[in-house]
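**Q** Turn this into a model:
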Amino acid sequence: MTKLSILQVPFDIRSYEGVGPVWFGMTPDQVHAAIGEPIRQARNRRDEADESWGVVSVRYDGKERTVVEVGLVPPARVFLEETELFSAQDPMRLLMVNDPAPMEYLGFIVFFHLGVTLSGFHDRDPSQEALTAFAPGRWDHLRSAMRPYR
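**A** Numbers count the residues shown, from 1 in each chain. Modelled structure (predicted):
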């Protein structure tokens, strides 16, 4: 069987479970088996491992070394209920149908009901367009600093 290019992999959002073939709680070896070897590995300012496949990035908890976030940028194929978000006319509106009360924090729109953040789409900045699916509790410590998105 031929391995799919990362641009061909469908990343279906499963709220607080994962996205596409990547599940929260997976180890790096499990992620590599699911989507291949990363093209870049680094550590972020939280001292968490951060791996990249170009349009996909995966962050691992600093202690457990398990997946806590999956970031995606266009042209990755990201789906919510069979709708491809990055090619949709208005991804913000589609997400707000499923989570009508998102919060905003430093340019990120946080959809707690869905377990995703969106950036770049609400302010129409294509260079910042991204979606991140996150594990339960990942953004909770920042809730008091957020304001409702309008």
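**Q** alpha carbons only for contacts and neighbour counts from here, please
**A** Noted.
**Q** what does stretch 59-70 rub up against?
**A** 18-19, 22-28, 46-51, 56-58, 132-135, 138 (CA atoms under 8 Å, 6 or more residues apart in numbering).
**Q** what's across from the residue most central in space within the chain in the sheet?
**A** Computing the C-alpha centroid of the chain and ranking residues by CA atoms, centre = their mean puts residue 132 first, at 2.0 Å. Per DSSP bridges, the residues bridged to residue 132 are residue 71, residue 117.
**Q** Sketch out the low-pLDDT regions of the protein for me.
**A** Across the chain, the ranges flagged by pLDDT under 70 are 1-4.
**Q** mind running it again at 50?
**A** Applying pLDDT under 50 to the chain picks out residues 1-2.
**Q** how about the helices of it, start to end?
**A** 28-35, 91-98 (DSSP state H).
**Q** Now tell me what touches the last one from outside.
**A** Residues from elsewhere that reach helix 91-98 (CA under 8 Å, 6+ apart): 85, 102, 111, 113, 114, 118, 121, 122.
**Q** can you rerun that using 7 Å?
**A** The contact list for helix 91-98, computed with CA atoms under 7 Å, 6 or more residues apart in numbering, reads 85, 121, 122.
**Q** who wins for proximity to residue 71 among the helices of the chain?
**A** Closest approach to residue 71 among the helices of the chain (CA to CA): helix 28-35, 13.5 Å.
**Q** For the closest one, enumerate the helices and strands it packs against.
**A** Using 3 or more CA pairs under 7 Å, 6 or more residues apart in numbering; DSSP states H and E as the contact criterion, no secondary-structure element is in contact with helix 28-35.
**Q** what does that helix rub up against?
**A** 21, 22, 66.
**Q** Could I have the CA atoms of that helix written out in PDB?
**A** The C-alpha trace of helix 28-35 is given here as PDB (Å, rounded to 0.1, in the frame of the first residue of the first chain):
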ATOM      1  CA  PRO A  28       5.800  10.300  19.100                       C
ATOM      2  CA  ASP A  29       6.400   6.800  17.800                       C
ATOM      3  CA  GLN A  30       2.700   6.300  17.300                       C
ATOM      4  CA  VAL A  31       2.300   9.600  15.500                       C
ATOM      5  CA  HIS A  32       5.200   8.800  13.200                       C
ATOM      6  CA  ALA A  33       3.600   5.400  12.400                       C
ATOM      7  CA  ALA A  34       0.400   7.200  11.600                       C
ATOM      8  CA  ILE A  35       1.700  10.100   9.400                       C
END
